[in-house]
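Q: predicted model follows, preceded by the sequence.
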Amino acid sequence: MNLKKFCLITILILFSQVGTAQEGLPIYSDYLTDNYYLIHPSMAGVGNSAKVRLTARAQWFGQDEAPNLQTLSINGRIGDSQSAIGGIVYNDKNGYHSQTGAYFTYAHHLMFSRNEIDLNMLSFGLSAGFIQYKLDETEFLADGFDPIIAGVEQSATNFNVDVGFSYHLIDFYAHATVKNVLNNDGINFNEQGLSYNNLRTYVFSAGNTFSKYNSDWSFEPSMMFLYKDATEEASIDINAKAYKKMDFGKVWGGLSYRRSLDGAEFLDGSGVSSQKLQYFTPFVGVDYNNFVFAYTYSYQANSVVFNNGGFHQITLGYNFNVRREKYECNCPAIN
């Protein structure tokens, strides 16, 4: 394996975002573009319409084997019931690793308020699906024999489930999800090349929307905490989002800051330094009637990076089976 390929693989492992190509659907910042269902199964059918969302993400333009991700999701209520279903398919490629997955979701929403005007709702969700992992080693032996490299395309297909709940109280919300509940053997390797079968990840989100009476503006601070059970890695997102009502719908945008709580060491001249992964992600979107368009840009703000270019993501969406807004609240995910 030549030096260029070795460096690429090493840096992809060390400096990719939390959520790598071997561990299920990666968790980026696209959940802020009206896409919480991607990370929390309990958000399926939570709104007053069924939703279709298509995302495409590309990193490090101009670099061979750069990470890219495509997702397609759909979710909505089952008639007028409190139950909902959803589905997600995705394709993720990160260097010589790739995965394709599909999930099916069932969610149920329990109302605790005395009427439908005051929002007080607890939701439960379960997603089950299959993920096919691939590791392409066909180009690794171009420079000779290596006893630890097979030189073939390895693949494995695993079944796993995600479970979670959401709670909405007027303008406040909180979510908790356990992803990859089951242990899976396959081609999951850490940076030391050791196989592990625990891909369990814990995700917690919370936020609140604020607005003055009769104002067209509303503001939504939120946070997300992510913890990987096997590697004990953790990161936190701090988010700020604003909405402006328009005649055709609304425009919105904001900024997300992600910081890893774990550091990585690197050689700095004659010494050793360390840094913690951090991203700044501005995003902007528009709801035009029942259509949604959003753009997200992530910039890695570290001393040592693979490339100074940003990570681009586009989200396209459509809402259908739209029902009237029931609740008197600043709750964009619901109304």
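A: Cool, the structure landed.

Q: show me the strands in the stretch 151-300 of the chain, by range?
A: For the stretch 151-300 of the chain, the strands defined by DSSP state E, counting those that start in this stretch cover 153-169, 172-179, 201-208, 217-228, 234-246, 249-268, 271-288, 291-300.

Q: and the last one, what does it pack onto?
A: Strand 291-300 sits against strand 271-288, strand 311-320, with contacts defined as 3 or more Cβ pairs under 8 Å, 6 or more residues apart in numbering; DSSP states H and E. (Each C-beta comes from the backbone N, C-alpha and C, glycine too.)

Q: the longest one pairs with which strands?
A: This points to strand 271-288. strand 249-268 (antiparallel), strand 291-300 (antiparallel) (DSSP bridges).

Q: tell me the most buried of the ones you listed?
A: Mean neighbour count (mean count of other Cβ atoms under 10 Å) peaks for strand 291-300 among these, with a mean of 18.

Q: sorry, back to before: including mean pLDDT and distance to residue 322, could the strands paired with strand 271-288 go into a markdown table?
A: Shown next, in a markdown table, are those (pLDDT from 0 to 100; distance: least, Cβ to Cβ, whole Å):
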| stretch | mean pLDDT | distance to residue 322 |
| --- | --- | --- |
| strand 249-268 | 85 | 12 |
| strand 291-300 | 94 | 12 |
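
Q: which non-adjacent residue is nearest residue 285?
A: Spatial nearest neighbour of residue 285, chain neighbours left out: residue 294 (3.4 Å); criterion: Cβ to Cβ, 6 or more residues apart in numbering.

Q: and residue 312, which of the strands of the stretch 151-300 of the chain is closest to it?
A: strand 291-300 (6.0 Å; Cβ to Cβ).

Q: could you export the closest one as CSV, keeping only the C-alpha atoms?
A: Provided in CSV are the C-alpha atoms of strand 291-300 (Å, rounded to 0.1, in the frame of the first residue of the first chain):
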residue,chain,number,x,y,z
PHE,A,291,-41.6,21.9,-0.1
VAL,A,292,-38.5,22.1,1.9
PHE,A,293,-35.0,23.1,0.8
ALA,A,294,-31.9,23.3,3.0
TYR,A,295,-28.2,23.7,2.7
THR,A,296,-25.6,22.8,5.3
TYR,A,297,-21.9,23.6,5.4
SER,A,298,-19.5,22.1,8.0
TYR,A,299,-16.0,23.5,8.6
GLN,A,300,-13.5,21.6,10.7
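
Q: what's it in contact with?
A: Identification of contacts with strand 291-300 by Cβ atoms under 8 Å, 6 or more residues apart in numbering yields 15, 17, 28-30, 32-34, 53, 277-286, 310-319.

Q: could you pull out the strands in the stretch 1-150 of the chain for me?
A: Under DSSP E, counting those that start in this stretch, the stretch 1-150 of the chain gives strands at 50-59, 68-77, 83-94, 97-111, 120-136.

Q: for residue 95, give its distance to residue 203.
A: 24 Å (Cβ to Cβ, to the nearest Å).

Q: sorry, slip of the keys, the one I care about is residue 37.
A: For residue 37, the distance to residue 203 equals 13 Å [Cβ to Cβ].

Q: so which of the two has more stuff around it?
A: residue 37 (28 against 20; other Cβ atoms under 10 Å).

Q: can you count the residues close to the residue nearest to that one when sequence neighbours are not counted?
A: Distances taken as Cβ to Cβ, 6+ apart place residue 43 nearest to residue 37, at 4.4 Å, with adjacent residues excluded. When neighbours are defined as other Cβ under 10 Å, residue 43 has 30 of them.

Q: dump the residue contacts of the closest residue to residue 176 other than its chain neighbours.
A: Of all residues not flanking residue 176 in the chain, residue 204 sits nearest, at 5.2 Å (Cβ to Cβ, 6+ apart). Counting by Cβ under 8 Å, 6+ apart, residue 204 makes contact with 174-177, 224-226.

Q: returning to that earlier point: wait, which of the strands of the stretch 151-300 of the chain is closest to residue 118?
A: Nearest of those to residue 118, taken as Cβ to Cβ: strand 153-169 at 8.9 Å.

Q: for the closest one, packing partners?
A: Judged by 3+ Cβ pairs under 8 Å, 6+ apart, the packing partners of strand 153-169 are strand 120-136, strand 172-179.
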